[in-house]
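Asks: next come a sequence and a model predicted from it.
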Amino acid sequence: MGNAESSEGRRVSFGMDEERVRVLQGIRLSEDVVNRMKDSSQPLKAQQPAPPSSACGSQKESRPPRSEDSSGQEPLSQEDLLRRYEQEQAIIRDNLFQREREAAIKHLKVSLQKEESVTDQEKQKSTQLTAEMYKLSLQQFHEAASKMESTLQPRRVEPVCTGLQAQILRCYRENLQEVLLCSDLVKAYQRCVSAAREG
């Protein structure tokens, strides 16, 4: 798209029509360029032969007369100029599309990097918050456990009905073959235990 790139290898031709420069294919020329083109074409206008007219009177497209430039090469026709213009436009469109595509890819990469950075920061914050919550929960648990331990007093367990228990054991030892003889003592022991639970 630079000047050096677009001007190399191109020839610009123009036609003169009653002292006015005809602009081809929508190319806008500055006044300075138009004046230079007029000045350079004045000697050529006098040398140009009149275009041949058709004898049958058919109306064909009039083409601007071809004139040789300073290098001796014949300038391009309007069809060639149009074809070359369309090719150059296609190349320019391809270049623009490629640049837009590269810019979009670059923008996507930058956006992805920003998203990854934000995601990493969020993960770090989440991990830190989780660790802090765990520490706080553990501390609160230990404080609650300590309070409960201080409010609870350990129970002192004292045996109940110890006299009956000793009598039952003695009865079983003495009557190994006839343990049913100790059943009255066992019933008395059960009543004593039930009374101790209720009281």
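Replies: Yes, it's here.

Asks: need phi/psi at Leu152.
Replies: Main-chain torsions, Leu152, degrees, to the nearest 10: phi -90, psi 130.

Asks: ok, it - how many residues close by?
Replies: Residues near Leu152, counting by other C-beta atoms under 10 Å, number 8. Yep, even glycine has a C-beta here, placed from its N, CA and C like the rest.

Asks: one more: Leu76?
Replies: What Leu76 shows, counting by other C-beta under 10 Å, is a neighbour count of 16.

Asks: try Val33
Replies: Val33 - counted by other C-beta under 10 Å - has 13 other residues nearby.

Asks: from Asp39, how far off is it?
Replies: The gap separating Val33 from Asp39 is 11 Å, by C-beta to C-beta, to the nearest Å.

Asks: got it, and Asp184?
Replies: Distance, Asp184 to Asp39, using C-beta to C-beta: 149 Å.

Asks: then Arg155?
Replies: Where Asp39 is concerned, Arg155 sits at a distance of 123 Å (C-beta to C-beta).

Asks: who has more neighbours out of the two?
Replies: Between Arg155 and Asp39, counting by other C-beta under 10 Å, Asp39 is the more crowded of the two (9 against 6).

Asks: what strand or helix carries the more buried one?
Replies: Secondary structure assigned from DSSP states H and E places Asp39 in helix 31-47.

Asks: just after that helix, pick out the following helix or strand.
Replies: Scanning forward in sequence from helix 31-47 by DSSP H and E, the next helix or strand is helix 78-151.

Asks: what sits up against the helix or strand just after that following helix?
Replies: Moving toward the C-terminus from helix 78-151, the next helix or strand (DSSP H and E) is helix 162-174. Residues from elsewhere that reach helix 162-174 (C-beta atoms under 8 Å, 6 or more residues apart in numbering): Pro159, Val179, Leu181, Cys182, Leu185, Val186, Ala188, Tyr189, Cys192.

Asks: farthest pair within the residues you listed?
Replies: The distance between the two most remote of these (C-beta to C-beta) is 24.5 Å, for Pro159 and Leu181.

Asks: cool, thanks, signing off.
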